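J.: sequence first, then the predicted structure, then my questions.
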Amino acid sequence: RVQADKGSNQYQEFGVIRFELPYDGWCLNPECKRHFGKGTRFNAKKEQDGAYFSTKIWKFTMNCATCPQEFVIATDPKNSDYDFRKGIKKKEEEYEMGEGGDAGDAGVDGRIQEKMDEIYKVGGHAAEQARQDQKANAIYKLEREQDDKKRAATESERFDMLVEFGEARRHYDYDANAALRQKMRGKRREVKALEEEGKGRGMFEDVPLLGHTEEERVEAKERLGAAKAEAPRSVRDAPFRASERKRLLGVSTSSIFGKSSLAHKQALKPAVLASTVPAFGAAAA
């Protein structure tokens, strides 16, 4: 810490920390005797109070939250514990040691323990016994071995298939790329053609035309054929009659001397137009 710096927290400035009680305890003030649970936090002053070999002993001083009683708790590195020195009484939590050196069943409800033993006996021992029986059963072992072999063969075939697929894609990557580029070029041409068609129809650029599929083309052709079949005969035969009238007019007005001259063609044009236009008008009507 810099000499002129007071510190950035309350421990650096005042030596105060947040201390949690490691055990339950009671205030020793006769007028208070308040109980504090394990984990209760206090603002405590932290100070060094000697050492045990090379390990420092820390002392924590705090006050009761109800009365002015002062608590002093220090670390005990010799016993790996805490020493409640002053103002507070530690709750002693001792257990009866079992035969294996571990904590026994002291403080545990007997009914709960019996229920746990019963559950383990039904579930744990029964399941373990079933596993042992299956391991000792020759038929079961043979079935398991066959299943493992089938599974291994299936996984091997799948691995070989994946390897072949990867090799094929790796060797023909140029062809795949060329096919993809050709497909994208075709799509761009279709989009451009639809844009040109939309412009020709006077549509806005923000409203593009949609492409048509083969099913839509067949359906449109069928509907057009049905419309022609339902139309009157005069309308259906109008194009044929107009072409026949034009051909007969050409034969009747053509020159008998073979190839017509330019003047003859120019004189023939108004007559041809006059004979064909009424036909189209009648067909439309």
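T.: Great, that's in hand.
J.: need the next SSE after the helix or strand residue 178 falls within, C-terminal direction.
T.: Using DSSP states H and E, residue 178 maps to helix 173-200. Scanning the chain past helix 173-200 towards its C-terminal end, the next helix or strand to appear is helix 214-230 (assignment: DSSP H and E).
J.: same for the longest helix along the chain, what does it pack against?
T.: Longest among the helix segments of the chain by residue count, using DSSP state H, is helix 138-171. Based on contacts counted as 3 or more C-beta pairs under 8 Å, 6 or more residues apart in numbering; DSSP states H and E, there is no element that helix 138-171 packs against. In this view, the C-beta of every residue, glycine as well, is placed from N, C-alpha and C.
J.: returning to that earlier point: angle of the helix holding residue 178 against helix 138-171?
T.: Comparing the axes of helix 173-200 and helix 138-171 via axes from the mean of the first three to the mean of the last three C-alpha atoms, to 10 degrees yields an angle of 60 degrees.
J.: quick one on the thing from earlier: and the longest helix of the chain, what's its mean pLDDT?
T.: Across helix 138-171, the average pLDDT comes to 79.
J.: pull out the buried residues from it.
T.: Within helix 138-171, no residue counts as buried by 16 or more other C-beta atoms under 10 Å.
J.: which regions of this protein sit below the pLDDT cut-off?
T.: 1-8, 94-131, 134, 171, 227-240, 248-285 (pLDDT under 70).
J.: one step back: show me what the helix holding residue 178 is packed against.
T.: In terms of contacts (3+ C-beta pairs under 8 Å, 6+ apart), helix 173-200 is packed against no helix or strand at all.
J.: buried set for that helix?
T.: Within helix 173-200, not a single residue qualifies as buried, counting by 16+ other C-beta under 10 Å.
J.: got it, and stretch 52-72?
T.: Within stretch 52-72, the residues that qualify as buried by neighbour count (16+ other C-beta under 10 Å) are 57-62, 64, 69, 71-72.
J.: how long is that stretch from one end to the other?
T.: The separation between the terminal residues of stretch 52-72, taken as C-alpha to C-alpha, to the nearest Å, is 18 Å.
J.: what's in contact with it?
T.: Applying C-beta atoms under 8 Å, 6 or more residues apart in numbering, the set of residues contacting stretch 52-72 from outside is 17, 19, 27-29, 31-32, 34, 36, 42-51, 73-78, 84-88.
J.: these, buried ones only, as a ChimeraX selection?
T.: Buried residues among the contacts of stretch 52-72 (16+ other C-beta under 10 Å), as a ChimeraX selection:
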select :17,19,27,29,36,42,44,73,74,75,84,87,88
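J.: let's see which of the contacts of stretch 52-72 end up in strands.
T.: Assigned to strands by DSSP state E, the following of the contacts of stretch 52-72 qualify: 17, 19, 27, 36, 42-51, 73-76, 84-86, 88.
J.: relative to residue 138, how far out is residue 33?
T.: Computed as C-beta to C-beta, to the nearest Å, the residue 33 to residue 138 distance reads 72 Å.
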